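Colleague: let's see this in three dimensions:
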Amino acid sequence: MLWSALLFGLVGSFHCVGMCGPIALSIPMDLSTRLRLMGDAVAYNLGRVATYSLIGLVIGSFGHWLFTSGYQQWLSLEVGVLILVLYFLPRQLSEWLMRYTGLGHVHTAIKKTFGQLLQKPGREFIFLIGMLNGLLPCGFVYMAAAAAVLAGSPAQSAAYMALFGLGTAPIMFITATSRQFVTIKFRQRIKVLKPYLATAVALLFILRGLALGIPYISPKLPSAVSAQPTIQEAVCHPH
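Modeller: All right, here's what the predicted structure looks like:
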């Protein structure tokens with residue numbers, strides 16, 4: 001299912017333009033040459049991908065336990081349904097988490113650090129801005145993280161989140177380097193496709209949870225019961 005991360009990232013990228021576009025447009029990039037501008041844009045996006053990868057690495061430890069316990073089938077179904085629900089409530093979800101989990105204070109600290117970094121030109125600071133950008137509360141990142149739990153291991157969860165970040169990179173790169181291209185009218189036209197793409201990603205996880213035996217899309221998955229050794233096996237093959 002790692003390939004679905006790119007599709008998910010593409011879906012979220014148009015949301016990112018609206019939420020993170022102003023940050024990308026305010027970064028003190030080197031405009032002296034086209035090559036330097038592109039290099040700074042790459043550094044900014046690599047910073048975001050790095051943060052997403054670290055998030056995947058952390059949540060992957062929990063996901064690995066679920067995977068080895070045999071609960072991935074039910075979790076896949078739940079994540080698919082959750083994506084469908086949260087797609088229509090990304091702003092409400094962010095507001096709820098910021099209000100009741102203390103993320104609002106984290107958000108304030110990130111914004112303060114943003115202000116400091118924006119005053120410091122240099123590619124290393126642009127990379128750090130990208131990393132901070134990846135920590136901003138975002139409904140699409142939450143949904144991608146929920147999907148990354150199903151990857152099966154910390155490394156694969158990190159890879160899933162990295163691919164999600166790479167999926168968001170093209171539009172964010174264009175936003176930073178060709179500001180006149182990603183106009184409000186362009187975003188409105190692309191917005192029409194977002195529900196269909198989000199639904200496609202959600203259905204992929206639902207199909208995976210159904211374990212219909214379709215290679216790559218809905219393979220057979222071990223259930224929680226079959227993942228545990230039977231009493232007879234435990235007696236015959238003691239540790």
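Colleague: who are the neighbours in contact with Val85?
Modeller: Counting by CB atoms under 8 Å, 6 or more residues apart in numbering, Val85 touches no other residue. Where C-beta positions appear, they are placed from N, C-alpha and C, glycine not excepted.
Colleague: and it, how far from Ala146?
Modeller: 11 Å (CB to CB, to the nearest Å).
Colleague: what of Gly56?
Modeller: Taken as CB to CB, the span from Gly56 to Ala146 is 11 Å.
Colleague: neighbour count: those two, which is higher?
Modeller: Under the neighbour definition other CB atoms under 10 Å, Gly56 and Ala146 were set side by side, and Gly56 has more, 29 against 19.
Colleague: for that one, helix, strand, or coil?
Modeller: Following DSSP: H, G, I helix; E, B strand; the rest coil, Gly56 is assigned to helix.
Colleague: restrict stretch 119-129 to CA atoms and write it as PDB.
Modeller: Listed next in PDB are the C-alpha coordinates belonging to stretch 119-129 (Å, rounded to 0.1, in the frame of the first residue of the first chain):
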ATOM      1  CA  GLN A 119      14.600  36.700   9.100                       C
ATOM      2  CA  LYS A 120      17.600  34.500   8.400                       C
ATOM      3  CA  PRO A 121      18.400  33.900   4.800                       C
ATOM      4  CA  GLY A 122      20.300  30.700   4.000                       C
ATOM      5  CA  ARG A 123      19.400  27.200   2.700                       C
ATOM      6  CA  GLU A 124      19.900  25.600   6.100                       C
ATOM      7  CA  PHE A 125      17.300  27.900   7.600                       C
ATOM      8  CA  ILE A 126      15.000  27.200   4.700                       C
ATOM      9  CA  PHE A 127      15.300  23.500   5.400                       C
ATOM     10  CA  LEU A 128      14.400  24.100   9.100                       C
ATOM     11  CA  ILE A 129      11.400  26.100   8.000                       C
END
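Colleague: buried sites along that stretch?
Modeller: Neighbour-count burial for stretch 119-129 flags Phe125, Ile126, Phe127, Leu128, Ile129 (criterion: 16 or more other CB atoms under 10 Å).
Colleague: which secondary structure element contains the first one?
Modeller: If I follow you right, that is Phe125. helix 123-133 (DSSP states H and E).
Colleague: next helix or strand past that helix?
Modeller: Downstream of helix 123-133, the first helix or strand assigned by DSSP H and E is helix 139-148.
Colleague: which elements pack onto that next one?
Modeller: When contacts are defined as 3 or more CB pairs under 8 Å, 6 or more residues apart in numbering; DSSP states H and E, helix 139-148 sits against helix 3-26, helix 34-69, helix 72-87, helix 90-100, helix 154-177.
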